[in-house]
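Chemist: got a predicted structure here, sequence first:
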Amino acid sequence: MRVYNRRNLTRPPGCQRIGGSSGREVPNYRAASSLYMVHSNHHLKRDASVLRKPLQKLQSHPFRPIIPLVARISDQNASGAPSMTLREKTRLEKFRQLLSCPNTDLDELRKCSWPGIPRDVRPITWRLLSGYLPANKDRRQMTLQRKRAEYFGFIEQYYDSRNEEHHQDTYRQIHIDIPRTNPLIPLFQQPLVQEIFERILFIWAIRHPASGYVQGINDLVTPFFVVFLTEHVEDDVENFDVSTLSPETLKNIEADSFWSMSKLLDGIQDNYTFAQPGIQKNVKALEELVGRIDGQVHSHLQKYEVEYLQFAFRWMNNLLMRELPLRCTIRLWDTYQAEPEGFSHFHLYVCAAFLIKWRKEILDEVDFQGLLMLLQNLPTIHWGNEEIGLLLAEAYRLKYMFADAPNHYRR
């Protein structure tokens with residue numbers, strides 16, 4: 001295992017040429033990873049054969065714990081629950097009443113969604129909160145039909161251009177990254193799913209030349225895909241064979257995932273433009289915020305020369321998706337979509353709360369390597385909605401204390 005000393009980690013994340021007729025450089029997440037990450041043995045190796053062969057199914061780890069990908073109901077903890085409680089039934093009924101109104105009160109829907117959205121109504125709620133669907137109930141079906149047709153119009157117009165010389169770098173990088181997306185979840189290793197992701201990411205990159213495709217964006221499709229899939233799957237989403245769905249259903253899931261991801265990225269596009277200024281700014285803000293709220297942890301990281309960019313770059317680039325089980329990401333995104341500027345602003349406070357959550361473990365480590373290994377491999381595999389709820393509550397407390405007083409970041 002190669003260990004990096006801080007002295008070798010002074011450059012910002014790397015860039016590589018991806019997309020665009022000018023062949024300009026855009027930030028390279030993998031390059032940043034190679035600079036800032038201590039690689040553990042389970043990381044997938046870059047295989048040049050992926051460039052030449054069709055998308056292939058990767059083997060899942062044989063000893064992976066069996067934990068539900070998506071909880072049956074949003075309020076249950078990681079251990080599950082045999083049936084809905086009275087409180088959960090009441091919450092579900094409240095959602096159904098809001099969603100059935102001729103004009104859904106989006107402010108009230110956000111208020112109800114902040115502590116988590118019941119699985120049964122999560123797909124329609126996410127479509128509304130993201131701005132993909134209108135509040136007016138009568139216009140929703142027409143909007144869905146129009147946007148789905150528009151997306152597949154993009155496919156017809158642009159997708160064949162993936163083989164053209166000026167798009168080959170973009171397509172090749174997407175083609176490499178897709179099999180690495182949640183490699184331990186069988187759902188995402190199905191060729192049909194990988195082809196869907198390939199189209200979504202390529203079309204998004206073509207339509208957003210200011211950023212093009214940046215490694216890490218591939219992760220952001222997965223929560224939407226899973227949530228929209230749950231409209232058609234009762235149990236065991238992670239092992240579901242999507243080929244059993246009708247082609248029309250799969251097309252609808254694909255289009256809805258594209259538009260919902262696009263809405264999310266519209267609010268954080270600075271994270272993925274050249275030099276990724278949004279991420280640089282947020283990592284700096286995180287460092288200043290942690291220095292204010294927990295000086296002991298901050299000083300400990302400084303003492304052993306651990307730079308925030310070495311672990312928090314990924315937290316910002318992937319919205320903590322690499323640090324949490326996907327079921328926890330979905331619960332987290334319930335709140336992000338209910339919170340004003342949830343993905344862009346509130347996420348900073350979630351990252352601060354997440355770091356401080358591990359203060360004991362951080363203070364127990366007394367060398368650079370141990371700290372970096374801890375911060376890049378935090379033990380969240382058994383986390384569920386209870387842990388995410390506590391994390392969000394602490395993040396909200398921090399936001400309440402510091403959001404309106406940015407000078408308080410600084411000592």
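Modeler: All right, it came through fine. Numbers count the residues shown, from 1 in each chain.
Chemist: what residues sit buried inside stretch 218-232?
Modeler: Within stretch 218-232, the residues that count as buried by 16 or more other C-beta atoms under 10 Å are 218-230, 232. All C-beta spots, glycine's among them, are computed from the backbone N, C-alpha and C.
Chemist: ugh, wrong one, I meant stretch 368-377
Modeler: Quick answer for stretch 368-377 (16+ other C-beta under 10 Å): 368, 371-376.
Chemist: inside helices: which ones of the residues you listed?
Modeler: The members of these that map onto helices under DSSP state H are 368, 371-376.
Chemist: quick check, nearest of the residues you listed to residue 282?
Modeler: Here the nearest of those to residue 282, counting by C-beta to C-beta, is residue 375; it sits at 16.2 Å.
Chemist: isn't that closest one up against residue 306?
Modeler: Yes - counting by C-beta atoms under 8 Å, residue 375 touches residue 306, with 7.3 Å between them.
Chemist: restricted to helices, list the buried residues of stretch 218-232.
Modeler: 222-229.
Chemist: low-confidence ranges, this structure, go.
Modeler: Counting by pLDDT under 70, the chain contains low-confidence residues at 1-82, 404-411.
Chemist: which residue is the nearest non-sequential neighbour of residue 263?
Modeler: residue 130 (4.4 Å; C-beta to C-beta, 6 or more residues apart in numbering).
Chemist: again with residue 291
Modeler: Using C-beta to C-beta, 6+ apart, the closest residue to residue 291 is residue 298 (4.2 Å).
Chemist: likewise residue 118?
Modeler: That would be residue 92: by C-beta to C-beta, 6+ apart, it lies 4.6 Å from residue 118.
Chemist: so what's the one you found up against?
Modeler: 73, 84, 118, 120-121 (C-beta atoms under 8 Å, 6 or more residues apart in numbering).
Chemist: ok, which pair from those residues is furthest apart?
Modeler: Most distant of the contacts of residue 92, by C-beta to C-beta, are 84 and 121, 12.9 Å apart.
Chemist: which one of these two has more residues nearby?
Modeler: residue 121 (21 against 17; other C-beta atoms under 10 Å).
Chemist: who's in contact with the residue nearest to that one when sequence neighbours are not counted?
Modeler: Of all residues not flanking residue 121 in the chain, residue 95 sits nearest, at 4.5 Å (C-beta to C-beta, 6+ apart). With contact set as C-beta under 8 Å, 6+ apart, residue 95 has these partners: 109, 112, 117-118, 121, 125.
Chemist: same check on residue 374?
Modeler: Contacts of residue 374 by C-beta under 8 Å, 6+ apart are 358, 361-362, 365.
Chemist: want to try JSON lines for these, with neighbour count as columns?
Modeler: Formatted as JSON lines, these follow (neighbours: other C-beta atoms under 10 Å):
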{"residue": "358", "neighbour count": "17"}
{"residue": "361", "neighbour count": "14"}
{"residue": "362", "neighbour count": "21"}
{"residue": "365", "neighbour count": "19"}
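Chemist: return the subset of those residues lying in helices.
Modeler: Per DSSP H, the contacts of residue 374 map to helices at 361-362.
Chemist: that's all I had, so thanks and see you.
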